Structure formats: C-alpha cells, structure tokens
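Asker: 3D model of this:
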Amino acid sequence: MAKKRGNGEGTLFRRQDGTWQGAVSLGYDGDGKRKRRTVYGKTQAGVRAKLDELKQQVASGMFSETRLTVRVHLDHWLAEKARQVKPRTVECYGHCIRAHIAPRLGRVSLTKLTPMHVQTMLGELADGVGGRTANLCRSLLFSAMKQAVRWQLISRNPVEAVDPLKVQSTALPGYGAGAEAVCSLLSGDVHGYEAGGTARLALAGHHRQHAGHPAVAEYGEGSAS
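Answerer: Purely as a prediction, here's the structure:
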C-alpha cells in the first residue's frame, strides 16, 4: 500500500516546456482526496524557494487555502481598531485605506506583499499628495502588518524595511509620528497620545485653517524634501 504524503512534503520536476513545477501536499480532505498547492517558475531554484516558503507556512500553521489580500486584511484590522479608538480616528484610518493604500496595494496577496510594493506606494503618494500623507499611510500599514504577524498570517512585516520619507519641518507632526498618534491628533482623540504643546497648538491652527474636514487629506499637503 502506498504511503500517504504528509503535510508539507513536496515534489519538484521539470516540465516539457522547460519550466519547473513544484507541489506541496496539504493533506487530505474529508473524502480522502489529496489536497496540494502547485507553484511554477522558470528556474529550479526559483520554484524550490517557493516550495520552501510554502512548507514553512504549512509547518507553522500559517498557510491558508483562502487567498487573503491586503485589502481584506486591512478591513479586518480596521474592524478591530474600531473597538479601541474613537470613531473620528477610525474615520481617519478608513480614509487613508480607501483613498491611498487600497487603490495601490489592495489586490496584492497578503503573503506576497514586499518592501518594494510599499516603497513604490510611498513614492507615488509623495509625488501625488505629499510626504506627510505618504508617511501616515506607511505608519498605518506598518501597524496593520504588525498585527498580521501577531495573528500569524505572515511571518515578517514588509514595512519594516521601508524608511519614512524625510519631509520639511512644519507645524503638524509628520516624520516619526505613528498613524494612531497623528489620527488621534487630527480627530481630537488625545487620550492615548501625550502630544507636546507645540503639536497641540499646531493642530489647533491646522483645524482653524481646515475647519470641518474629516481628517487625512489635508495632513499630507506638504511636499517631501
């Protein structure tokens, strides 16, 4: 009787067209049929690297057969944050996701998000809406990806490898301020963030200048240096 292939075991071979194919066993379904995930590539080394990554995910329990995109994860993350922060802060987060992050990264598979994806988004935002909005979105994405690591959806945070942009010094906190801190300031939710007097005065002036606006758009008016 043939021995059943265990979870995480894989095969690798060259196809007739010269490309390489590999597969990792995911065990068996309720009907006893083998479940496998297949990967392809131009080189043996490339496919082997994909197999090794899949094997690691299976072994650690991080593999999911459902394709989880960045947008789906951000929606889950935002739903959880809504239980921790004030509605205006959630509105700020939501605007940043809908207007800036999701159009650029939303369809990317969560496990396939790379530092280059993030760096490209950061550059596009800096050119389009300014360095401060770009840094805010980076900070928000960093927090969401950090949570993805905690939830064991990914093994590393790809945003860690991307530095914030250096921006001109202005009244509002930009470089180095976390997304929650900035959104809290913009929404008036200062309980979780001890802002300095200068920042509070700057925020007051900012609100006088942009009275009534819900949040993020004006935050990134400045240009990157």
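
Asker: what residues of stretch 68-85 count as buried?
Answerer: Of the residues in stretch 68-85, 69-71, 73-74, 76-78, 81, 85 count as buried by neighbour count, 16 or more other CB atoms under 10 Å. For the C-beta atoms, the positions are set from N, CA and C on the backbone; glycine is no exception.

Asker: in this protein, which spans are helices?
Answerer: Taking DSSP state H, the helices of the chain run over residues 44-60, 70-81, 87-96, 102-105, 115-128, 131-150, 179-187, 197-209, 216-219.

Asker: can I get those in JSON lines with distance to Gly32 and mean pLDDT?
Answerer: Listed next are the helices of the chain as JSON lines, based on distance: least, CB to CB, whole Å; pLDDT from 0 to 100:
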{"stretch": "helix 44-60", "distance to Gly32": "19", "mean pLDDT": "82"}
{"stretch": "helix 70-81", "distance to Gly32": "31", "mean pLDDT": "94"}
{"stretch": "helix 87-96", "distance to Gly32": "45", "mean pLDDT": "91"}
{"stretch": "helix 102-105", "distance to Gly32": "39", "mean pLDDT": "96"}
{"stretch": "helix 115-128", "distance to Gly32": "39", "mean pLDDT": "96"}
{"stretch": "helix 131-150", "distance to Gly32": "33", "mean pLDDT": "93"}
{"stretch": "helix 179-187", "distance to Gly32": "48", "mean pLDDT": "56"}
{"stretch": "helix 197-209", "distance to Gly32": "62", "mean pLDDT": "39"}
{"stretch": "helix 216-219", "distance to Gly32": "52", "mean pLDDT": "38"}
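
Asker: quick one: buried residues of stretch 105-117?
Answerer: 105-106, 110-111, 113, 117.

Asker: nope, stretch 136-156 is what I meant
Answerer: Buried residues in stretch 136-156 (16+ other CB under 10 Å): 136-145, 147-148, 153-154.
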